[in-house]
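A.B. asks: compute the structure for the input listed below.
(one chain, ligands or ions: 1)
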Amino acid sequence: MDRDTAEPTVDSFPGPRARDRASRHAAVAAPSTHVYEFVWDPTADAIGPYCTDVDGNVLLDFTSHVAAAPLGYNNPHLLARLDEFDLVDPLKFAGQDFYADLGDLPGPTELMERLTDIAPDGHDTVFLSNTGAEAVENAIKICYDARPGAEYGITFEGSFHGRTLGALSLNRSKAVHRRGFPEIAGVSSVPFCEDQTCDPSTCSCGFFPDESGTSWLRRRLGPDGSIDPESVAYVILEPVQGEGGYRIPSEAFMAEVAAVCGEYGIPLIADEIQTGMGRTGEWWGADNYAIEPDVLAVAKGLRVGATVGREELFPDQTGRLSSTWGGGDLLSSMVGALTIDAIQAENLRQNARKRGDELAELLDTSPIVDAIDVRNLGSLVAVEFETKARRDEMVTACAKAGLLTLPCGLKTIRLLPPLDVREREIAQAVARFEDAAEV
Ligand SMILES: Cc1ncc(COP(=O)(O)O)c(C=O)c1O
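C.D. replies: Okay, the predicted model is just below:
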């Protein structure tokens, strides 16, 4: 497949082989996971955003496997390095590979070194795990540990942080995640900002309830508030809310969160699981704002989970944090580290910002696309529709037109092209989106 000439071509989507595979999978997989109709053929042609499904349809994938494949398919930088690693020997996948030395190839140690290089200043320590939920769980654990006796945590309305019992206690997006499950006590929520231009005098999202500029966060924790700031272990936020509908907050909101955390010495956790790894044009979504998180939770595009922060925040008693498969196997850590290298070597953060802005601008000004709002931070792009029904119709029509997209929030489509997406591919995606809108 030649990336310069590739075109999405769809015969039928989902085709017969995809439907067969999906029903075979559904026979054994937990029913709550039956959501995708896209069945990829990893043995068939794929490059950049183009992949081939099991029915031979060539699709333009603007989901990047829900941000877990930021380099798209068969990235040459990644493949060239992985070729140096003989994948056949099963001993290379032992499991507890913490101290493996692979010479020139990176393993878990090198992955942690790279993470501390690209993390905010002073973040010199990493705990590797396997999933985003674990990265979040361990982020809140180290904060509870670092603030002995602190029994409260602050989260934001609309947030999503994972599905383990601890992480789901922080969720405030969809009822389905939490309903009926036991939760950790003491998690309190305040409004999140969903208007990039919001400030105390114009706020309509509820974070600044009046022109005094006293935010809900400050009211909750201030002298007349219901929670003593000394008893708060952490404030956790997604720099842009993902599952909650790609809500991009204002600078005033972030500045106030940073100010309140700073005043009371409360650790601020940035959940960068969807916004990190260059997606927004910066390494971390938080880098787009004047905030300095104390802890980062990273996963998805990193291939493994990681909790990153300053050493003093981490417990030093052996066994207090641990995991058999922490950092996945050697290959997972290696792919994570090589992904960071490729983003650096190919200047993909700049590309993600430029192409993401282009994509959002073209969709926003399209006379055909009937969206009520198009917004983006780099290559994290949201297209919001009037109703959920219209959004769902568009997701299906886009796939039939050869463009894979994802829903989020109640009536929004999210577009996550690979970070190295090209101008030609953006134009193709917009054309397919317009085709879908006309159906
Ligand atoms: C912002 C955010 N936090 C946490 C998670 C949970 O990650 P995982 O599914 O790897 O547990 C996700 C997953 O979508 C996410 O988007």
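
A.B. asks: can you give me every residue that contacts the closest residue to the ligand within the stretch 301-439 of the chain?
C.D. replies: Closest residue of the stretch 301-439 of the chain to the ligand, CB to the nearest ligand atom: residue 305 (6.7 Å). Just so you know, the C-beta spots here come from the backbone N, C-alpha and C atoms, and that holds for glycine as well. Neighbouring residues of residue 305 by CB atoms under 8 Å, 6 or more residues apart in numbering: 128, 129, 130, 131, 132, 133, 134, 135, 138, 297, 298, 299.

A.B. asks: got the contact list for the residue nearest to residue 275 when sequence neighbours are not counted?
C.D. replies: Nearest in space to residue 275, with sequence neighbours left out and distances taken as CB to CB, 6 or more residues apart in numbering, is residue 285 at 2.9 Å. Neighbouring residues of residue 285 by CB under 8 Å, 6+ apart: 238, 239, 240, 270, 272, 275, 276, 279, 377, 380.

A.B. asks: ok, the third one to residue 344 distance?
C.D. replies: When you say that, I think you mean residue 240. Distance check for residue 240 against residue 344: by CB to CB, to the nearest Å, it reads 22 Å.

A.B. asks: then the fifth one?
C.D. replies: Distance check for residue 272 against residue 344: by CB to CB, it reads 17 Å.

A.B. asks: same drill for these two, tell me which one is more crowded.
C.D. replies: Taking other CB atoms under 10 Å, residue 272 and residue 344 do not tie; residue 272 has more neighbours (32 against 16).

A.B. asks: the more buried one contacts residue 280, doesn't it?
C.D. replies: No. Contact between residue 272 and residue 280 fails when scored by CB atoms under 8 Å: they sit 9.5 Å apart.

A.B. asks: among the contacts of residue 285, which are in reach of the ligand?
C.D. replies: residue 238 (CB under 6 Å from any ligand atom).

A.B. asks: check contacts around whichever residue of the chain sits closest to the ligand.
C.D. replies: Going by CB to the nearest ligand atom, the ligand is nearest to residue 132 of the chain, at 2.2 Å. Residue 132 makes contacts with 161, 162, 271, 273, 297, 299, 300, 305, as judged by CB under 8 Å, 6+ apart.

A.B. asks: farthest-separated two in those?
C.D. replies: Taking every pair in these and measuring CB to CB, the maximum separation is 13.0 Å, between 161 and 300.

A.B. asks: give me the more crowded residue out of these two.
C.D. replies: residue 161 (31 against 25).

A.B. asks: so what's the residue positioned nearest the centre of the chain scoring on pLDDT?
C.D. replies: Nearest to the mean C-alpha position of the chain, by CA atoms, centre = their mean, lies residue 274 at 0.8 Å. In this model, residue 274 is scored at 97, pLDDT.

A.B. asks: name the nearest residue to it, ignoring sequence neighbours.
C.D. replies: Going by CB to CB, 6+ apart, residue 274 has residue 242 as its nearest residue, at 3.9 Å.

A.B. asks: residues near that neighbour, how many?
C.D. replies: With other CB under 10 Å as criterion, residue 242 counts 29.

A.B. asks: just to revisit the earlier point, quick one: which of the contacts of residue 132 sit in strands?
C.D. replies: Secondary structure from DSSP state E places 271, 297, 305 of these in strands.

A.B. asks: residues in the chain within reach of the ligand, list them.
C.D. replies: Counting by CB under 6 Å from any ligand atom, the chain sits next to the ligand at 131-133, 136, 160-162, 238, 242-243, 271, 273-274, 299.

A.B. asks: the residue nearest to the centre of the chain touches residue 244, doesn't it?
C.D. replies: No. When contacts are counted by CB under 8 Å, residue 274 is not listed as touching residue 244 (10.4 Å).

A.B. asks: pass me the low-pLDDT residue ranges in the protein, would you?
C.D. replies: Applying pLDDT under 70 to the chain picks out residues 87-97.

A.B. asks: buried stuff in the helix ranked longest in it?
C.D. replies: The single longest helix within the chain, with elements called by DSSP state H, is helix 348-365. Within helix 348-365, the residues scored as buried using 16 or more other CB atoms under 10 Å are 348-349, 351-360, 362-363.

A.B. asks: tell me which stretches of the chain form helices.
C.D. replies: 16-28, 64-67, 76-82, 108-118, 132-146, 165-168, 175-178, 216-221, 251-264, 330-345, 348-365, 388-400, 423-438.

A.B. asks: which one of the ones you listed is the most hemmed in?
C.D. replies: Greatest average neighbour count among the helices of the chain goes to helix 132-146 (a mean of 24), per mean count of other CB atoms under 10 Å.

A.B. asks: so who does residue 161 touch?
C.D. replies: Counted by CB under 8 Å, 6+ apart, residue 161 has contacts 132, 133, 136, 155, 167, 168, 170, 171, 236, 238, 271, 297.

A.B. asks: which residues does stretch 217-233 contact?
C.D. replies: So stretch 217-233 is in contact with 140, 143-144, 146-147, 149-154, 188, 190, 207, 209, 214, 235, 256-257, 260, 264, 266-267, going by CB under 8 Å, 6+ apart.
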